[in-house]
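>>> Predicted model and sequence below, questions to follow.
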Amino acid sequence: MKKVILMSFVFVLVCILTISLFSFAEETIKIGILLPLSGPAASIGVNSLNGHKLAVEEINEAGGIKSLGGAKIELIVADSGGDPKVGMTQAERLITKDKVVAIMGAYQSSVTYPSTQVAEKLQIPYLVPSSYLPTITERGFKYTFRLCLNSDLASREQIAFLDRMGKLTGEPVKTLGLIYENTDWGEATVESWKKYAKEFGFDIVLDEAYPANSASLNPVVLKIKSSNPDALLFASYTSDAILLTKGIAEQKIDIKVYVTTAGGHADPVFFENVGANADYYFDLAETSPDIDLPLALETNAKYKKIYGDDMSDDCIKCYTSTYVIAKAIEIAKSTNPDDIQRVLANMFMISGQKGIITPYSVEFGPDGQNIYARAVIIQNLNQKRVVVYPAELALPGAAIVWPTPSWDER
């Protein structure tokens, strides 16, 4: 009788454990995504979201978070509309109502800055794939981490590139025109441009801010024409980038070098609207679908088959960020936000390992900034974005065109 009772007890215990483990394995891990899915930056928001989606599909198909019984990741998506106040409200909703264990977002620095403040207050890890405002990681926050460059690092790369290429080609740049939208990102960028222009000995002949998402930028175009700088630097979102590029083409303004700062100039919608008028523009980015990294090329081919377009710079960083969050949860063996934060603060992932398709590795410094973030330079050639610098990341045959051919020579 005792053996029967004991066996019955063991049987019941096994059943309970089996049911518990099954339930645990089926539990989903909620991660919040905050992006502009409506408004002027919606096209980049959607493209970025697709990067997150592709990564989650791959992770779940490969068995989910194995240290948590194969738990699957579920993306909880919120639309900021590009509005900082909406972004704060959505971040709070994701945390308090949807119970996400981490957030990724929010593309626009003006939204990322306040929404990370919400996450810090509520002690939820927030990974920033693509917002350049330096102060996002300069507030002593424990729960904010940034994968990408900040605008100070990016600006130095741009100015140093102009200096280096001028010396290499014998066609130096001496004067700069600075064109930027007047939100947090643009204002932070121009301060860095000015600092490094002075360091490298360039003269600034045009310093022009404009209201973001302007209906017309003809006055700015005319100022570009009258100031006649050797090089133009831009920090613009999509609609403004389109207006400026079309205006320069219509006026046939010959500039030796154009250098943009991702943003709207990296949006596929930008190219659909301006076509060959954007040829020869350089763009500072951190990666590209044609970068000479086998895993990145393979992932882009898969993405293009599913979504019909190449991955943008922002899309690639969102894809990589998703793998970083998933690895942090895997290592933590926990969905407790404090455990995830602890792992993020101490983790190291190498470029080229599964999911890390940026040309740089991932390790966060004490301030949450990725210490390995670096830039690449793209040039638009024959209406395609081509990695041209540094040479080791460019595909064979990629060559820089410097200076820009005149409009009459094209």
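Yes, it's here. Owing to the predicted nature of the structure, the values given are computational and were not obtained by experimental measurement.
>>> buried residues in the helix or strand harbouring Glu199?
Secondary structure from DSSP states H and E places Glu199 in helix 184-200. By neighbour count on 16 or more other CB atoms under 10 Å, the buried set for helix 184-200 is 184-190, 192-194, 196-197, 200. C-betas here are computed from N, CA, C, even on glycine.
>>> Turn those into CSV, columns for pLDDT and distance to Asp267.
Shown next, in CSV, are the buried residues of helix 184-200 (pLDDT from 0 to 100; distance: CB to CB, whole Å):
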residue, pLDDT, distance to Asp267
Asp184, 87, 19
Trp185, 90, 14
Gly186, 93, 16
Glu187, 93, 21
Ala188, 91, 20
Thr189, 94, 17
Val190, 96, 21
Ser192, 96, 22
Trp193, 97, 21
Lys194, 98, 26
Tyr196, 97, 25
Ala197, 98, 26
Phe200, 97, 29
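>>> State the pair within those residues that is farthest apart.
Asp184 and Phe200 (24.8 Å; CB to CB).
>>> can you give me phi and psi for Val118?
Phi and psi for Val118, reported as degrees, to the nearest 10, are phi -60, psi -50.
>>> Checking Gln353 next. Helix, strand or coil?
Judged by DSSP: H, G, I helix; E, B strand; the rest coil, the three-state class of Gln353 is coil.
>>> I'd like the distance from it to Pro229, if you could.
Per CB to CB, to the nearest Å, Gln353 is found 43 Å from Pro229.
>>> Neighbour count for the two, which is higher?
Pro229 (23 against 13; other CB atoms under 10 Å).
>>> I'd like the distance between the more buried one and Thr260.
14 Å.
>>> and if you look at Arg164?
With CB to CB as the criterion, Arg164 and Thr260 are 18 Å apart.
>>> ok, now Leu127?
25 Å.
>>> cool, Tyr280 as well?
11 Å.
>>> Look at the two and report which has more neighbours.
Higher neighbour count among Tyr280 and Thr260: Thr260, with 27 against 19, using other CB under 10 Å.
>>> pretty sure that one is touching Ala241, no?
Yes. Under the criterion of CB atoms under 8 Å, Thr260 is in contact with Ala241, at a separation of 7.2 Å.
>>> Overlap in contacts, those two.
Phe234 (CB atoms under 8 Å, 6 or more residues apart in numbering).
>>> Pull the contacting residues for Glu58.
By CB under 8 Å, 6+ apart, the neighbours of Glu58 are Gly355.
>>> Secondary structure element holding it?
With DSSP H and E as the test, Glu58 turns up in helix 42-61.
>>> Downstream of that helix, the next helix or strand is which one?
strand 72-79.
>>> Which other helices and strands does the helix or strand following that following strand contact?
For strand 72-79, the following helix or strand on the C-terminal side (DSSP H and E) is helix 84-96. Using 3 or more CB pairs under 8 Å, 6 or more residues apart in numbering; DSSP states H and E, the elements in contact with helix 84-96 are strand 28-35, strand 72-79, strand 102-105, helix 109-121.
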